[in-house]
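# Next comes the sequence, and after it the predicted model I'd like to discuss.
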Number of protein chains: 4
Amino acid sequence: MPIRVTVWGENVHEHKHQLVRDIYPDGMHACIAAALNRDPGIKARCATLQEPEHGLTDAVLDETDVLTWWGHAAHGQVEDAIAERVQQRVLKGMGLIVLHSGHHSKVFKRLMGHNCDLSWREAGEKERVWVACPGHPIAAGIDRFFELPHEEMYGEPFGVPEPLETVFISWFQGGEVFRSGLTYRRGAGKIFYFRPGHETYPTYHNPTVQQVLRNAVKWAVPEQRFGWGCPHVPADKAPEPIGSTGGSVH
Amino acid sequence: MPIRVTVWGENVHEHKHQLVRDIYPDGMHACIAAALNRDPGIKARCATLQEPEHGLTDAVLDETDVLTWWGHAAHGQVEDAIAERVQQRVLKGMGLIVLHSGHHSKVFKRLMGHNCDLSWREAGEKERVWVACPGHPIAAGIDRFFELPHEEMYGEPFGVPEPLETVFISWFQGGEVFRSGLTYRRGAGKIFYFRPGHETYPTYHNPTVQQVLRNAVKWAVPEQRFGWGCPHVPADKAPEPIGSTGGSVH
Amino acid sequence: MPIRVTVWGENVHEHKHQLVRDIYPDGMHACIAAALNRDPGIKARCATLQEPEHGLTDAVLDETDVLTWWGHAAHGQVEDAIAERVQQRVLKGMGLIVLHSGHHSKVFKRLMGHNCDLSWREAGEKERVWVACPGHPIAAGIDRFFELPHEEMYGEPFGVPEPLETVFISWFQGGEVFRSGLTYRRGAGKIFYFRPGHETYPTYHNPTVQQVLRNAVKWAVPEQRFGWGCPHVPADKAPEPIGSTGGSVH
Amino acid sequence: MPIRVTVWGENVHEHKHQLVRDIYPDGMHACIAAALNRDPGIKARCATLQEPEHGLTDAVLDETDVLTWWGHAAHGQVEDAIAERVQQRVLKGMGLIVLHSGHHSKVFKRLMGHNCDLSWREAGEKERVWVACPGHPIAAGIDRFFELPHEEMYGEPFGVPEPLETVFISWFQGGEVFRSGLTYRRGAGKIFYFRPGHETYPTYHNPTVQQVLRNAVKWAVPEQRFGWGCPHVPADKAPEPIGSTGGSVH
């Protein structure tokens, strides 16, 4: 069975800015979904902010193995209840790939427990993305680095917890560096943050970026689902026989 | 200058349950603060849920190096704005020590990005707390383990991110295990979760527990404060001279 | 193509002690290999200390995706050159599963950079292994815990670096705890340490233990191989055009 | 009592190359020790390869809180027994600061369990060192970055385990990036790797580099010493009363 991916797109810039529409006539999400669907082992569909429940109903998430998230201009319009729902799904096992300006999304900030701040510059400078964790499946097929001729700059410090693995680190022409590919495990879910993807450059048309996205989806597939909770294990059900001592406020 | 600690107490059980009041006549927070103040290098005061802004005004937090947090019955009564304020203070450098049932507090869940679930049993069983990270300053003065004759059981899996350091692991008489002392760095702030401390047992009167609390406060002292943000670095202020290419939606 | 596993056995106790031979008439390694081969996706063969190059020639390792390691009485007889060879293979991508008393093997100590010390007791007591990282593929198919009626005790502190993931934690009848399942990434290789498996108890006949071994093999399969090295990138091959300034001792 | 530091210098280039002698007339180690001694809370002395036991006798290490290590041309001349001795001291609590080409020292490779490979270029290019972990005590007093006008380039991938904290990341004029400041805990000891310091440039005369060295020494001070070992806990000394079941090969 192919990996079921939901590509979430904020879908705002595409309607407001001719510049973005020229690069992504069907929306950034459509470009990303098409890149994923080039792999027969992946079946990607889209969901956008403007749909009811932002397209992320329980029915949709029930059939989602991996969710990708791109947002920028309208983070505040994402309903808290939906951000909470996505967070809980990740903890239970759904993979999550957060793209570029999604660093400031409600979903990512909730899962990181952090502000996810960074410095930035929109000057169309060169970005060179280095592989820092060779052998990692997300870097499969990539040589020592790849280049993007024009990208927005994101600079350290990146306000996130230390990752499980630092897969990519970027060099920017203007003099900054940034940890561009970071993995996390949260509960039963795997999370990958991937930096490139500013809306005014054709980054998601880049074949290497598309390869990273496909690699990341395969890496993030749920290994096992787990339903959390706070089970009460009463004294007479304890693994070892015990009595009960002391009082209780319950 | 002594370390300035604010001991936050939910202060609910003490007023509702004679059992708790008998053990902690001035409140659990008062007992914890007194234990800390036994060290001349620490100056602890209390704040409680019932005070305006839960006693955690900006003025109070301006003078707080380390905050300790005990809550259980009234997590939901903590205002979101105050939980958010505490989270941001931690990211900027304030130390945080989360105690026992504080695992489900808004503050801890926000900073962990997790549900912080666990299994539990209130049977007054024996807990043996093992040092898993010998040489760690939070375990200073503790031999291979210490015992608490009566405690609530918390069992794995503990729904938190993998820690920086696993300082303590508990053995329970009823057959469970639990990672009882975990460290995290979040931004410029250091966080320690410490499991023991159920309200119906005299845990915070235990000298070893008090030693751990003092050790943890000293470990969590801010090393440096840092004010986060998302600084824009325009092209003409880039560290390296660059021009500007491509369009912008700004 | 099935996963190619080499099961390395020290193969000493089986020849010296009738007790061990009674439990593992063909050797512990044969029992482990048979357990792995029960999965059609795995093809396991054995190698032992007594063979030339301990059975771990370059030719054998060229055809090994995952190596499992059990040793106890003869760690010192493993040649340094072979331990070094295995270490380098792991860094290049070969998976490694270290079993029980293999904690003190040259291979594991080299890869951990640590002494891998622990406390121990051979009293045939009960061990209860808890899942601390639910959803992890190595814990697939296991409920909240599994029990071994008779095992050697290993106790904290375990002298290893903090792991990537704490998959299992054990409770022992005699009062100790131990982190029984730990994952590491070293270079392109994945490493799993799994505690159970004392030679005087039939642990590797246990169906759940066998399931963990199969799960671990599948998890440790190399994702990508990587040949390390220290490439010199001369100034005229730098990604960005630069000159050369200052002297050199080369 | 001041922090007792032993500054270890390989002390080879200084005698072979006029270029290095011109920059460091008393040796690189003397320059580093002087920089540390500028802080009244630190008392640094030197030890070199050419001394008996490389100047690292048990008596010297008994009085060493933190050891710094610079080597390059003569890693192979360091006796294995001394490298082993240093490793064991670190596990017991001694702080270790590994400098620049010390990445390939026996001591560092043993403690990392890795090859510590990297790519390199000696072109005197500009290095800009960014703070990636603001608020960390090793970065105290440093703004967002500092620059070294001429340095050797080290490039990713750096063959080391994922660190506890990524304190610095370097940008190089020639287009590479490198994780230049990494922290580790190994046993009771704290380890800091710091990249800058090529012998043909006056890097250790740089005031910011000297500040980082002083910061790192203070951070690496042993918190508590711990003597490892494998204590046998016989059945009649178990924390919980148990009998003994099953056989033994002992």
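Happy to help now that I have it. Residues are numbered from 1 along each chain as shown, chains lettered A, B, ... in the order given.
# and the next element down the chain from the longest strand seen in chain A?
Taking DSSP state E as the criterion, chain A has its longest strand at strand A:119-131. Once the chain leaves strand A:119-131, the next helix or strand it forms, by DSSP states H and E, is strand A:145-155.
# got a list of contacts for that following strand?
Strand A:145-155 is contacted by residues A:100, A:103, A:118-131, A:170, A:172, A:174, A:176-178, A:180, A:195-196, A:198, A:200-201, A:203, A:206, A:208-209, B:233, B:238, B:245-246, C:239, D:130 when judged by C-beta atoms under 8 Å, 6 or more residues apart in numbering or on different chains. Using the backbone N, CA and C atoms, a C-beta is placed for each residue, glycine as well.
# what pLDDT, on average, does it get?
What strand A:145-155 shows for mean pLDDT is 98.
# what about the next helix or strand after it, average pLDDT?
Sequence order places strand A:165-172 as the next helix or strand after strand A:145-155, per DSSP H and E. On average, the pLDDT along strand A:165-172 is 98.
# repeat for stretch A:126-133
For stretch A:126-133, the mean per-residue pLDDT is 98.
# Would you mind listing the outside residues contacting it?
A:139, A:142-151, A:153, A:165-173, A:180-181, A:195-196, C:185, C:239, D:155-158, D:175-177, D:179.
# filter these to the buried ones?
A:139, A:142, A:144-146, A:148, A:150-151, A:153, A:165-173, A:180-181, A:195-196, C:185, C:239, D:155-158, D:175-177, D:179 (16 or more other C-beta atoms under 10 Å in any protein chain shown).
# all strands of chain A, in order?
Using DSSP E, strands in chain A cover A:3-9, A:42-48, A:66-70, A:95-99, A:119-131, A:145-155, A:165-172, A:177-186, A:189-194.
# List the pairing partners of the second one within its sheet, with orientation.
Meaning strand A:42-48. Take DSSP bridges as the rule and strand A:42-48 pairs in its sheet with strand A:3-9 (parallel).
# before we move on, what about the third one?
Here the strand partners of strand A:66-70, with direction, are listed using DSSP bridges: strand A:3-9 (parallel), strand A:95-99 (parallel).
# Put together a markdown table for those strands, with mean neighbour count and mean pLDDT on each row.
Converted to a markdown table, these look like this (neighbours: other C-beta atoms under 10 Å in any protein chain shown; pLDDT from 0 to 100):
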| stretch | mean neighbour count | mean pLDDT |
| --- | --- | --- |
| strand A:3-9 | 25 | 98 |
| strand A:95-99 | 27 | 98 |
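# now those strands in TSV, with distance to B:L213?
As requested, those are exported to TSV (distance: least, C-beta to C-beta, whole Å):
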stretch	distance to B:L213
strand A:3-9	44
strand A:95-99	37
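# A:K109 contacts A:C116, doesn't it?
Yes - counting by C-beta atoms under 8 Å, A:K109 sits close enough to A:C116 to count as a contact (5.3 Å).
# Buried subset of the contacts of strand A:145-155 as a PyMOL selection?
Those of the contacts of strand A:145-155 that count as buried under 16+ other C-beta under 10 Å are selected in PyMOL with:
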select buried, (chain A and resi 100+103+118+119+120+121+122+123+124+125+126+127+128+129+130+131+170+172+174+176+177+178+180+195+196+198+200+201+203+206+208+209) or (chain B and resi 233+238+246) or (chain C and resi 239) or (chain D and resi 130)
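# C:V60: which of the strands paired with strand A:66-70 is closest?
C:V60 sits nearest to strand A:3-9 of all these, at 34.7 Å, using C-beta to C-beta.
# now what about the closest one, what contacts it?
A:27-30, A:32-33, A:36, A:41-49, A:54-56, A:60-61, A:63-71, A:217-218, A:221.
# what do you get for stretch A:98-105?
A:32, A:68-72, A:75, A:78, A:83, A:107-108, A:116, A:118, A:152, A:154, A:158, A:160, A:191-199, A:203, B:230.
# ok, which residues in chain A are in contact with chain C?
Neighbours of chain C within chain A, by C-beta under 8 Å from any C-beta of the partner chain: A:92-93, A:128, A:133-137, A:139-140, A:145, A:147, A:164-165, A:171, A:185, A:187-189, A:222-226, A:239.
# wait, doesn't A:L213 sit right on A:L36?
Yes - here A:L213 reaches A:L36: they are 6.2 Å apart, a contact under C-beta under 8 Å.
# Tell me which of those two has more neighbours.
A:L213 (28 against 24; other C-beta atoms under 10 Å in any protein chain shown).
# just how off-centre is the longest strand of chain A within its chain?
Averaged C-alpha coordinates place strand A:119-131 at 19 Å from its chain's average position (C-alpha atoms, centre = their mean, to the nearest Å).
# Equivalent analysis for stretch A:166-183, please.
On C-alpha atoms, centre = their mean, the centre of stretch A:166-183 falls 16 Å from the chain's centre.
# rewinding a little: what angle do the longest strand of chain A and strand A:165-172 make?
120 degrees (axes from the mean of the first three to the mean of the last three C-alpha atoms, to 10 degrees).
# and the angle from strand A:119-131 to strand A:177-186?
80 degrees.
# about what we covered before: nearest to C:I23, out of the strands paired with strand A:66-70?
strand A:95-99 (42.0 Å).
# Could you export that closest one as CSV, CA atoms only?
C-alpha atoms of strand A:95-99 as CSV (Å, rounded to 0.1, in the frame of the first residue of the first chain):
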residue,chain,number,x,y,z
GLY,A,95,4.8,11.6,10.5
LEU,A,96,5.2,15.4,10.1
ILE,A,97,7.3,17.3,7.7
VAL,A,98,7.5,21.1,8.4
LEU,A,99,8.7,23.2,5.5
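# angle of it against strand A:189-194?
20 degrees.
# Pull the contacting residues for A:Y201.
Contacts of A:Y201 by C-beta under 8 Å, 6+ apart are A:I23, A:G124, A:L148, A:H150, A:E151, A:E152, B:G246.
# try 7 Å this time
A:G124, A:H150, A:E151, B:G246 (C-beta atoms under 7 Å, 6 or more residues apart in numbering or on different chains).
# Pull out the buried residues from the contacts of strand A:3-9.
A:27-30, A:32-33, A:36, A:42-49, A:54-56, A:60-61, A:64-71, A:217-218, A:221.
# Up against chain D, what does chain A have?
A:128, A:130-134, A:156-157, A:162, A:165-166, A:169, A:171, A:175-177 (C-beta under 7 Å from any C-beta of the partner chain).
# any idea how far the nearest residue to A:R89 once chain neighbours are set aside is from A:V90?
Nearest non-adjacent residue to A:R89, counting by C-beta to C-beta, 6 or more residues apart in numbering or on different chains: A:L61, 5.3 Å away. Look at A:L61 and A:V90: by C-beta to C-beta, to the nearest Å, they are 10 Å apart.
# And A:G27, its phi and psi?
Per-residue torsions, A:G27: phi 100, psi 150 (degrees, to the nearest 10).
# thought it was touching A:N11?
Yes - here A:G27 reaches A:N11: they are 5.5 Å apart, a contact under C-beta atoms under 7 Å.
# Since that was my last question, I'll sign off now.
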